[in-house]
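K.L.:
Below are the sequence and a predicted model for it; my questions follow.
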Amino acid sequence: MLWQISLTVIALAFVILVYFLIQTLKTVQGSLEEVRNTMVQMKGELAQVSAEVKDVLFQTNMMAVDVRTKLNELDPLFHSVGNVGSMLQELTTSVRQTASTVTTAIQNGSRQVVEKAPVKGKIGIVMKGIPVVVELWKQIQNKRAQGAAANTIAQ
């Protein structure tokens with residue numbers, strides 16, 4: 001009899017264990033089904049994202065080629081701008097030297113300093129004429145001042 005009761009208890013415990021094991025397996029099966037569905041969705045979305053990434057990369061490559069081509073076309077322009085900058089620097093240096101020479105000549109009242117200055121282009125020629133113009137202007141001012149003084153005395 002004890003033997004029968006023991007077997008009944010063991011059988012009952014086994015049934016309870018199997019019942020809870022079945023419940024756990026059903027829960028695991030539901031979780032695995034959700035993971036499978038998620039994986040199927042991810043596979044579809046991954047294919048779509050992959051196609052979009054390929055398109056973006058293609059567009060980026062096309063833009064890079066376009067920018068490179070346009071920059072190569074602009075190279076001569078940048079070289080020309082550099083050449084113009086160099087020419088302007090030379091012109092500015094020449095004008096500065098000539099202006100300095102003319103200023104010195106005007107301050108000293110001597111044409112010889114200006115006449116000995118190096119002439120570089122039309123600007124140098126014009127700068128050499130400045131002392132003559134200044135001298136003429138001073139003479140005109142002196143004559144006006146003398147005429148005004150004579151008119152003041154006559155009145």
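P.N.:
Looks like it arrived, so ask away.
K.L.:
average pLDDT across the strand or helix carrying residue 16?
P.N.:
Per DSSP states H and E, residue 16 falls inside helix 2-108. Mean pLDDT, helix 2-108: 89.
K.L.:
From the contact counts, what lies against that helix?
P.N.:
helix 111-115, helix 121-154 (3 or more CB pairs under 8 Å, 6 or more residues apart in numbering; DSSP states H and E). All C-beta atoms are positioned from the backbone trio N, CA, C, and that covers glycine.
K.L.:
Of those, which shows the lowest average pLDDT?
P.N.:
Among the helices and strands packed on helix 2-108, helix 111-115 carries the lowest mean pLDDT, a mean of 51.
K.L.:
How much space separates residue 21 from residue 12?
P.N.:
Distance of residue 21 to residue 12, given as CB to CB, to the nearest Å: 15 Å.
K.L.:
what's around residue 11, how many residues?
P.N.:
Neighbours of residue 11 under the rule other CB atoms under 10 Å: 10.
K.L.:
swap that for residue 98, sorry
P.N.:
Applying other CB under 10 Å, we find 23 residues neighbouring residue 98.
K.L.:
One more: the one 5 residues further on?
P.N.:
Burial of residue 103 is recorded as 13 neighbouring residues (other CB under 10 Å).
K.L.:
now it: how far from residue 65?
P.N.:
For residue 103 relative to residue 65 (CB to CB), the value is 56 Å.
K.L.:
Residue 133 now?
P.N.:
Residue 133 is 60 Å from residue 65, by CB to CB.
K.L.:
And for residue 131?
P.N.:
From residue 131 to residue 65 the distance is 61 Å (CB to CB).
K.L.:
So between the two, which is more surrounded?
P.N.:
residue 131 (22 against 10).
K.L.:
so how far is the helix holding residue 16 off the chain centroid?
P.N.:
Mean-position distance between helix 2-108 and its chain equals 22 Å (CA atoms, centre = their mean, to the nearest Å).
K.L.:
How about stretch 144-151?
P.N.:
So, by CA atoms, centre = their mean, the centroid of stretch 144-151 is 65 Å from its chain's centroid.
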